[in-house]
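Enquirer: This is the structure alone, sequence omitted:
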């Protein structure tokens, strides 16, 4: 394949990802008109229209989507092969693209950033906070962080935290007018603040451990959000009860800003793991990041 043909394919892939000639041109450091000319040349060479263009949007045609789906894993493999050369560098450099939920970013990544930057100044961390169940590898990330129970078996996983526990918490202001629940079923009489996944609309289940096994409680949702920081803020303001990992709220519990209830009913869940696809050679930058953030002895 000639260099010009490869450049045309790369231009098409970026436009299909961005759904915008302007944004794609910025990524490729070229003008939108030059990029449009390149895509037109590709379409003429292949004898098929690849993109539907309007004044407001760009989207792949059926043929374009088929080409995009075939090219994406091949180009990802090429990109990985180039980055894997970094494994032979004496001093790691380059970029680690990481996808992590907000809680993991707070608990795992941010507390270790100073140490990481001091040890590996040549490595740049590109952190995307994402609470949805994104396919991080298909989206071009080097690695992701999720609860161990959510990591696919075909991935390599590195434990970052011990197992965690959930906590039902409310502010003293809230409990000044409502008695604390003593059993999970008592939550039906309380104002509850719940998490909802934006991409699916599914509510996070309030699940507890009882003498006869797991108990799922369908709580009344006074507030539903897709951001754990907002859930915590709402609980601190006395708006209701929130169901959050105890490590996320421990400082507020210690200062008396929140009160924990139903402690004996709250179940643990698998701690956070960093995961990435199995490959013969790991990029040096990713290995450096793992060495800093992995769970110590």
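Expert: Yep, it's here. For clarity, every value in this text was computed on a predicted model and none was experimentally measured.
Enquirer: Identify the residues contacting the lowest-mean-pLDDT helix or strand in the chain?
Expert: Lowest mean confidence among the helices and strands of the chain (mean pLDDT, DSSP states H and E): helix 62-84, at a mean of 80. With contact meaning C-beta atoms under 8 Å, 6 or more residues apart in numbering, helix 62-84 is reached by 9-10, 12-13, 16, 46, 48-51, 60, 94, 137-138, 140, 142, 279-283, 285. In this view, the C-beta of every residue, glycine as well, is placed from N, C-alpha and C.
Enquirer: Let's see which of these end up in strands.
Expert: 51, 60, 94 (DSSP state E).
Enquirer: Make CSV from those residues and add distance to residue 26, pLDDT and neighbour count to it.
Expert: CSV is the format used below for those (distance: C-beta to C-beta, whole Å; pLDDT from 0 to 100; neighbours: other C-beta atoms under 10 Å):
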residue, distance to residue 26, pLDDT, neighbour count
51, 17, 92, 20
60, 20, 90, 20
94, 21, 87, 18
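Enquirer: List the buried residues for the host helix or strand of residue 117?
Expert: Residue 117 belongs to helix 113-119 when assigned by DSSP states H and E. Residues of helix 113-119 classed as buried: residue 116 (neighbour count, 16 or more other C-beta atoms under 10 Å).
Enquirer: what do you get for stretch 183-194?
Expert: Neighbour-count burial for stretch 183-194 [16+ other C-beta under 10 Å]: 184, 187, 190-194.
Enquirer: just stretch 63-76 next, same as before
Expert: Quick answer for stretch 63-76 (16+ other C-beta under 10 Å): 64, 67-68, 75.
Enquirer: same thing with stretch 225-238?
Expert: 225-226, 228, 231-232, 234-236.
Enquirer: returning to what we had before: and the average pLDDT for the helix holding residue 117 is what?
Expert: Taken as a whole, helix 113-119 has a mean pLDDT of 92.
Enquirer: what does that helix contact?
Expert: 123, 125, 288-289, 292-293.
Enquirer: Among the residues you listed, which one is most surrounded by other residues?
Expert: Using other C-beta atoms under 10 Å as the neighbour test, the contacts of helix 113-119 are led by residue 289, with 24 neighbours.
Enquirer: Which residue is the nearest non-sequential neighbour of it?
Expert: residue 96 (5.0 Å; C-beta to C-beta, 6 or more residues apart in numbering).
Enquirer: doesn't residue 99 make contact with residue 136?
Expert: Yes: between residue 136 and residue 99 a contact is recorded at 4.3 Å, counting by C-beta atoms under 8 Å.
Enquirer: intersection of neighbour lists for the two?
Expert: With contacts defined as C-beta under 8 Å, 6+ apart, the residues shared by residue 136 and residue 99 are 143-144.
Enquirer: Could you list the low-pLDDT ranges of the stretch 51-200 of the chain?
Expert: Applying pLDDT under 70 to the stretch 51-200 of the chain picks out residues 79-90.
Enquirer: which residues of it fall in helices?
Expert: 62-84, 102-104, 113-119, 172-175 (DSSP state H, counting those that start in this stretch).
Enquirer: any chance of those helices in CSV, with distance to residue 149 too?
Expert: CSV is the format used below for the helices of the stretch 51-200 of the chain (distance: least, C-beta to C-beta, whole Å):
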stretch, distance to residue 149
helix 62-84, 26
helix 102-104, 14
helix 113-119, 26
helix 172-175, 31
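Enquirer: of all the ones you listed, which lies closest to residue 249?
Expert: helix 102-104 (10.2 Å; C-beta to C-beta).
Enquirer: burial count for the residue nearest to residue 289?
Expert: 24.
Enquirer: for it, which residues make a bridge with it?
Expert: residue 125 (DSSP bridges).
Enquirer: For it, list the residues it contacts.
Expert: Contacts of residue 96 by C-beta under 8 Å, 6+ apart are 123-126, 142-143, 283, 285-286, 289.
Enquirer: Please repeat the previous calculation with a cut-off of 10 Å.
Expert: By C-beta atoms under 10 Å, 6 or more residues apart in numbering, the residues touching residue 96 are 83, 116, 120, 123-127, 141-143, 276, 283, 285-290.
Enquirer: What's the ChimeraX syntax to select whichever of those are buried?
Expert: Buried residues within the contacts of residue 96, by 16+ other C-beta under 10 Å, are selected in ChimeraX with:
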select :83,116,120,123,127,141,142,143,276,283,285,286,288,289,290
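Enquirer: Of the helices of the stretch 51-200 of the chain, which is nearest residue 151?
Expert: Among the helices of the stretch 51-200 of the chain, the nearest to residue 151 by C-beta to C-beta is helix 102-104 (12.3 Å).
Enquirer: Other residues contacting the closest one?
Expert: Counting by C-beta under 10 Å, 6+ apart, 98, 110, 129-131, 144-147, 160-161, 164, 226-230, 232, 244-245, 247-248, 271-274 sit against helix 102-104.
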